[in-house]
Every structure is written in C-alpha cells, then in structure tokens.
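Student: Sharing a sequence plus its predicted fold:
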Amino acid sequence: MQDNATAPSLDYVTSCTLPTPWAQFTLHAFVEHSIPGQGPGSKEHLAMVLGDIGDGEPVLARVHSECLTGDVLFSQRCDCGAQLEGALKKIATEGRGVLLYLRQEGRGIGLVNKIRAYRLQEAGADTVEANLQLGFHADARNYELCKPMLEQFGVRSLRLMTNNPRKIDALTKLGIEVSERVPLLVNRNAFNNNYLNTKAAKLGHMMTPVTEPVEDGQL
Ligand SMILES: Nc1nc2c(ncn2[C@@H]2O[C@H](COP(=O)(O)OP(=O)(O)OP(=O)(O)O)[C@@H](O)[C@H]2O)c(=O)[nH]1
Ligand SMILES: [Zn+2]
C-alpha cells in the first residue's frame, strides 16, 4: 500500500476524439504531480480508449512506455514503434480496448540518458549493461499510475498485450487483474535483434531468441 504522503497525485484533465488510420479513439489527458523535491514537477500521461471499456468485462489493453525515438522518429533500434502501431490496430480490429501511454522514456531514465545508453551500446554494452554503467537500474519504470488511470474508466481486468513478465507482476501487485497475456511480437530486424535477445535473456521477456541473421519483419 502506498503512503499518501509519498505517492504522486494524478489529475484527470480532459478528453478529445483522436482519429487514427485504424479507428477513432477518445484521447484522455492526465497530469501527474510529483512530490516536491523528488523528480520533475509534473508529467502529462495519456490514455487512448475505444468502445465501452467500463462494462466489467476484461479489456484488451496496452501499457506503453514512451519511446520518442521508436514511437515518433521511426527508430529500428527497438520494437516500440511497431508495438504501438500493432496494439492500436488490434484494439481497432476488436473495436474495444485501451492504450495507456506512460511518459517514462528510456525505461524510466529519460531521453538524453537513453541516448547516452545507446552510445555505450555502440561501444559494445548491451541494453542492460549500458543502464548499469550509467548508474541506473536495468529497468527504472513504475506502473503505479496505471491504477488510477484505469479506475477513471472503471477497468479492473486486462487482456494485456505484452511480452514482459515484470509488467504483468507489477500490475498484479497493484491490484489490477491480468486475465490474459496477449503476445505482441513485431518488427524483429537486423538492428534490434541483439536488443530483443538481451531482453529475453536478461529481462525475462517472453520471446524466442534468434541467433541467425534475421530478415526484416521476422517474429
Ligand atoms: N534505457 C533504455 N531504454 C530503452 C532502450 N530501448 C528501448 N528503451 C525504452 O524501453 C521502453 C520500452 O521497453 P520494452 O522492454 O520494449 O517494452 P516493455 O514495455 O518492457 O515490454 P513489452 O510490453 O513486451 O513491450 C521505452 O521506455 C523505451 O524508451 C535502451 O536500449 N535503453
Ligand atoms: Zn523503443
């Protein structure tokens, strides 16, 4: 149980429609106010919602951590952009679901530090070693905000699109039921193959390592 004196607070602010190539979502905006003296002042988080998700049935969901390089700049170093698109397409196909877009860039270390980590990876470190060399944890993310964000929509149970067992554990510990894991394997390529293999080997991601040369789009 989080002590309220140390818990960041989250305000629901507003919403608008968000047409995408696959469906017209509703985009909801939240603002997180962190504790004075700890971390940046405030952060804006988003939820994209489609259909009636507050009916008590498990909801197809993606909890996506910000990756500006992958989500916006088309980077092939990781699988984030393809996962974002794949998750939205799947929600659109089913006509019901939610994507939480959490502003914890670089597995929580921030954009500039992620670029520092990429530079270390160019010198031979893997994605985990690079974080450690910079003095960070391998994964510095926190999923606490998912609870109030989902409560805003009356969602208690997820069919979660992820390959990351730690994410499932973290949500479960927060009291969010994960009734099903839906694999999200997209866009393995020559640039992100080692990264994906390291995630499987060191972070426990549920994906089969590929050691031979890969072709674009291979799962
Ligand atoms: N520090 C660091 N962060 C990275 C690196 N590559 C991607 N990221 C960040 O990692 C986060 C996405 O992590 P993933 O492990 O792909 O996804 P996940 O959420 O853990 O697992 P899935 O649900 O299966 O996608 C985003 O915040 C990215 O910015 C890297 O090499 N170093
Ligand atoms: Zn990424």
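Tutor: Great, that's in hand. Ligands and ions are numbered 1, 2, ... in the order given.
Student: Low-confidence ranges, the protein, go.
Tutor: 1-8, 36-40, 215-219 (pLDDT under 70).
Student: Let's see that with 90 instead.
Tutor: Low-confidence segments of the chain, defined by pLDDT under 90, are located at 1-9, 33-42, 185-219.
Student: contacts for the longest helix along the chain?
Tutor: With residue count as the measure and DSSP state H as the assignment, the chain has helix 80-94 as its longest helix. When contacts are taken as Cβ atoms under 8 Å, 6 or more residues apart in numbering, the neighbours of helix 80-94 outside the stretch itself are 20, 22-23, 25, 48, 50-51, 60, 62, 64-65, 67, 69-72, 74-75, 97-99, 161, 182, 184, 186-187. The way it works is simple: take the backbone N, C-alpha and C, and place the C-beta from them, glycine included.
Student: so how far is ligand 1 from the residue nearest the centre of the chain?
Tutor: By Cα atoms, centre = their mean, the mean C-alpha position of the chain lies nearest to His64, the distance being 2.2 Å. Using Cβ to the nearest ligand atom, to the nearest Å, His64 is found at 7 Å from ligand 1.
Student: Is that residue located within a strand, as I assumed?
Tutor: Yes: according to DSSP: H, G, I helix; E, B strand; the rest coil, the state of His64 is that of a strand.
Student: Contact residues of this structure facing ligand 1?
Tutor: In this structure, the chain approaches ligand 1 at residues 65-67, 78-80, 83, 104-107, 109, 114, 117, 127, 131, 162-164, 167, 184, 199, 205, judged by Cβ under 6 Å from any ligand atom.
Student: cutoff 5 Å now
Tutor: Those residues of the chain that sit near ligand 1, judged by Cβ under 5 Å from any ligand atom, are Ser65, Cys67, Cys78, Gly106, Arg107, Lys114, Ala117, Thr127, Thr162, Asn163, Asn164.
Student: hang on, isn't the first one packed against Leu100?
Tutor: Going back to what we said before, that points to Ser65. No: with contact defined as Cβ atoms under 8 Å, Ser65 does not reach Leu100; the gap is 9.4 Å.
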